[in-house]
Every structure is written in structure tokens, then in C-alpha cells.
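1. below is the sequence, then the predicted model.
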Amino acid sequence: MAGQRAAGDLVLVQDFVNTYDWEEARDDIDTPEALATWLVDHGLAPSAGAGAAEHHLAIELREALHRLVAANSGGHVADRDIAVLNRVAGESGLRPVFTTADGVALEPLAAGVTGALGRLVGLVSAAMADGTWVRLKACADHSCQWVFYDRSRNHSGHWCSMEVCGNRAKARQFRLRRRAGS
């Protein structure tokens, strides 16, 4: 999908969640090797070698983040998803690092894949703190589910792309109304 890119560092979280394409059932991080390559390519780790347990944790984190993003569109926040974020934060050793006199970021003590996953959770934390998190949403088209950044003034965006998913939804509604009127 060609949805809107997130603002700032939140784009990394958006890209991570979108490593699974619901329409094509394609997973860009389906192996530990693919995960390690993705993390390096996206600047989250200078080098990485992922094991099975780290790969499993990354998939768990991606799925939890996707459900949390979907909650930004009116869904329910599940305790299990918050638990995954807390577990990754703990395992990566996230701690505050002061960047300027008035700035602070959460940075992981861990290196490699665990540290990279911790960086993602730190970005989520920062987005929640600055209010941009609620703008990250999952496309309302259930066959799509692509994560997009809602730039609408009133936070009312529903589709990753009005030209694709929005038009599909409007065409479906039109056909339903037409059938009902026949």
C-alpha cells in the first residue's frame, strides 16, 4: 500500500509493523536472517545476528504493535500487548538518556536484535509521550490492515490510501445501497 509516512522516528515503527503485508500474505522478516538484515538496513543495529528466540520476540512485538495501532482506530488495548512492550523494554534494558538540557530518550543497554527491538519500544514510548502515537493507525479495509500515519486535522483517517482502499470501501457501499434500492 502507498499510505502516508509517519512523522520523525515513528516511521521506523510504521515500517517495522508493515513488514507483514496482509493483502499479499508476505512477511519481510520471516526468518532470523531476514530480521537481522531488516534491522541493519533500517539503522536499528550496526550489525545483527538473530537467533530463533529473538526472531520469535520480534514477531511477537510486531503483532502487539499492530494491535495497539489498530486500537488507535477505536479498537481495544489488550493487556497482553502492553505486556509484550514491557517485556521487550525490560529485556533490552531501556533507560533514559538525556540528549539536551530539556531532552531525554529511552535507549537500550542491550546490543544486537534485543537492543534494536528496545529502540523500537523507545520510539513508541516517545510517540505516546508527544501525542503522535494516536496518529498511527491500521487501514480500515480488513483485507489491507496497512499501518499509516493519519495526517487529517481531526484524526479521522480510515484508509491507508484514499485512492485504493478508500475507493474500494466507497464502491462497496455504493453497490450495497444500489442493491437495497432495487
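-> Noted; the coordinates are in hand.

2. in this structure, which spans are strands?
-> 20-21, 26-27, 95-100, 103-107, 136-138, 147-149 (DSSP state E).

3. for those, give me a markdown table that also has mean pLDDT and distance to residue 89.
-> All C-beta atoms are positioned from the backbone trio N, CA, C, and that covers glycine. A markdown table is the format used below for these (pLDDT from 0 to 100; distance: least, CB to CB, whole Å):
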| stretch | mean pLDDT | distance to residue 89 |
| --- | --- | --- |
| strand 20-21 | 94 | 22 |
| strand 26-27 | 96 | 24 |
| strand 95-100 | 90 | 10 |
| strand 103-107 | 90 | 8 |
| strand 136-138 | 93 | 18 |
| strand 147-149 | 91 | 21 |
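
4. which of these sits closest to residue 46?
-> Evaluated over these, closeness to residue 46 peaks at strand 103-107, with 14.1 Å, by CB to CB.

5. adjacent strands (with direction) for the closest one?
-> With DSSP bridges as the test, strand 103-107 is paired with strand 95-100 (antiparallel).

6. quick one on the thing from earlier: tell me the most buried of the strands of the chain?
-> Each of the strands of the chain was scored by mean neighbour count; the highest is strand 136-138, a mean of 25, by mean count of other CB atoms under 10 Å.

7. quick one: low-confidence ranges for the protein?
-> The chain contains residues with pLDDT under 70 at 1-7, 155-156, 158-164, 166-179, 182.

8. okay, helices next: where are they in it?
-> In the chain, the helices defined using DSSP state H lie at 10-17, 32-41, 52-71, 79-92, 112-130, 167-181.

9. make a markdown table out of the strands of the chain and add distance to residue 73.
-> Formatted as a markdown table, these follow (distance: least, CB to CB, whole Å):
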| stretch | distance to residue 73 |
| --- | --- |
| strand 20-21 | 17 |
| strand 26-27 | 23 |
| strand 95-100 | 30 |
| strand 103-107 | 26 |
| strand 136-138 | 5 |
| strand 147-149 | 10 |
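
10. residue 74 is nearest to which of those strands?
-> strand 136-138 (9.4 Å).

11. off-centre distance for the closest one?
-> 8 Å (CA atoms, centre = their mean, to the nearest Å).

12. let's have the chain start at 896 instead
-> Yes, from this point I'll number from 896; that puts the last item at strand 1031-1033.

13. pull up the pairing partners for it, direction included.
-> strand 1042-1044 (antiparallel).

14. now do the partner strand: distance to the chain's middle.
-> Mean C-alpha position of strand 1042-1044 versus that of the full chain (CA atoms, centre = their mean) differs by 8 Å.

15. next: stretch 954-961.
-> Distance of stretch 954-961 from the chain centroid (CA atoms, centre = their mean) equals 8 Å.

16. list the buried ones in it?
-> Across stretch 954-961, burial judged by 16 or more other CB atoms under 10 Å covers 954-957, 959-961.
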